[in-house]
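J.: I'll drop the sequence and a predicted model, then ask my questions.
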Amino acid sequence: MAGPRLPVPRLAGVSQEQFMQQFYPQRKPLVLEGIDLGECTSKWTVDYLSQVGGRKEVKIHVAAVAQMDFISKNFVYRTLPFDKLIQRAAEEKHKEFFISEDEKYYLRSLGEDPRKDVADIRKQFPLLEGDIKFPKFFKDEQFFSSVFRISSPGLQLWTHYDVMDNVLIQVTGKKRVVLFSPRDAQYLYLSGTKSEVLNIDNPDSDKYPLFSKARRHECSLKAGDVLFIPALWFHNVISEEFGVGVNVFWRHLPSECYDKTDTYGNKDPTAASRAAQILDRALKTLAELPEEYRDFYARRMVLHIQDKAYSKNFE
């Protein structure tokens with residue numbers, strides 16, 4: 001059984017000042033309608049993107065099934081020219097394919113050299129830059145990346161969190177997004193930044209008994225909607241039809257908090273990584289004790305963390 005469902009609030013006509021002063025400090029997801037996004041919502045058709053986006057080679061995920069799993073890697077990486085990707089992703093059945101005629105495609109655009117460069121569609125797709133305006137919810141120096149998200153109809157992206165605040169701009173098409181609070185992390189069966197629970201609508205209750213305790217925050221996005229996703233909020237995205245989205249990420253913490261080698265924006269802050277390494281060493285030390293003692297002192301450690309590190313300010 002899935003957990004309780006809460007609709008993500010939808011608001012129209014929110015000014016930049018109103019968002020920053022009233023809603024941003026709440027650290028909760030919010031769907032914004034009526035934001036000026038430029039001409040992209042009307043111009044970015046399959047034909048237009050195929051022509052103007054060009055034949056630039058892009059690395060894509062190709063999956064034989066709709067539910068993609070980053071942990072078991074039930075997909076392959078392939079390369080296609082951008083115009084071919086757009087045309088294939090918009091199809092239900094393919095005459096040309098890698099795995100099967102009903103395979104699914106997913107693009108998460110990258111920088112020129114993904115090891116050194118962050119994704120920025122204004123640089124990688126300069127002919128499309130003039131069509132889109134990013135919501136001004138951050139200072140220019142806070143900008144981190146802008147990422148194309150292009151998905152086949154029916155594709156479901158695994159549940160994961162990002163370490164930076166971001167907005168998902170739904171340019172065309174429709175998506176269903178399910179979000180979980182960072183406070184519910186203990187119910188999501190995490191492996192790194194990702195949840196092991198793929199079928200969030202009908203989870204295996206024997207394998208994932210705690211998942212039903214996680215509170216689902218849900219919304220449907222249509223063309224022109226902007227979803228604010230605060231850092232650390234888990235999200236699962238289902239493309240209900242072919243569509244194009246753009247994620248814009250920004251650094252809301254001081255820049256020194258982030259891993260300088262991180263070009264994807266998904267590495268934990270450096271202090272969190274150091275703390276995890278220290279905890280691993282502590283657990284190895286505990287392993288030197290007999291089971292009864294190890295169990296007792298591990299429980300004491302958990303209580304100590306709850307007492308000293310848990311915050312009462314976030315619900």
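T.: Good, I have the coordinates.
J.: give me the pLDDT for Gln142.
T.: Predicted confidence (pLDDT) for Gln142: 95.
J.: where along the stretch 1-150 of the chain do the strands fall?
T.: 5-7, 10-12, 30-33, 57-63, 75-81, 104-108, 143-151 (DSSP state E, counting those that start in this stretch).
J.: taking strand 57-63 as reference, get the angle to the longest one.
T.: Between the axes of strand 143-151 and strand 57-63, defined by axes from the mean of the first three to the mean of the last three Cα atoms, to 10 degrees, the angle is 50 degrees.
J.: the stretch 201-315 of the chain: strands as residue ranges?
T.: Under DSSP E, counting those that start in this stretch, the stretch 201-315 of the chain gives strands at 216-221, 226-229, 234-239, 243-250.
J.: now those in JSON lines, with mean neighbour count?
T.: Using the backbone N, CA and C atoms, a C-beta is placed for each residue, glycine as well. Below are these laid out as JSON lines (neighbours: other Cβ atoms under 10 Å):
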{"stretch": "strand 216-221", "mean neighbour count": "19"}
{"stretch": "strand 226-229", "mean neighbour count": "22"}
{"stretch": "strand 234-239", "mean neighbour count": "22"}
{"stretch": "strand 243-250", "mean neighbour count": "23"}
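J.: other residues contacting stretch 265-278?
T.: Residues from elsewhere that reach stretch 265-278 (Cβ atoms under 8 Å, 6 or more residues apart in numbering): 118, 144-145, 160, 162-164, 166, 193, 249, 253, 257-259, 261.
J.: and with 7 Å instead?
T.: If you take Cβ atoms under 7 Å, 6 or more residues apart in numbering as the criterion, stretch 265-278 is touched by 144-145, 162-164, 193, 249, 253, 257-259.
J.: restrict it to CA atoms and write it as PDB.
T.: Output in PDB follows, covering the C-alpha atoms of stretch 265-278 (Å, rounded to 0.1, in the frame of the first residue of the first chain):
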ATOM      1  CA  GLY A 265      25.000  18.600  -9.000                       C
ATOM      2  CA  ASN A 266      24.300  15.400  -7.200                       C
ATOM      3  CA  LYS A 267      27.300  14.900  -4.900                       C
ATOM      4  CA  ASP A 268      26.500  15.400  -1.200                       C
ATOM      5  CA  PRO A 269      28.000  18.500   0.400                       C
ATOM      6  CA  THR A 270      31.600  18.000   1.500                       C
ATOM      7  CA  ALA A 271      30.800  18.100   5.200                       C
ATOM      8  CA  ALA A 272      28.100  15.400   4.700                       C
ATOM      9  CA  SER A 273      30.600  13.200   2.800                       C
ATOM     10  CA  ARG A 274      33.200  13.600   5.600                       C
ATOM     11  CA  ALA A 275      30.600  12.800   8.300                       C
ATOM     12  CA  ALA A 276      29.600   9.600   6.400                       C
ATOM     13  CA  GLN A 277      33.300   8.600   6.200                       C
ATOM     14  CA  ILE A 278      33.700   9.100   9.900                       C
END
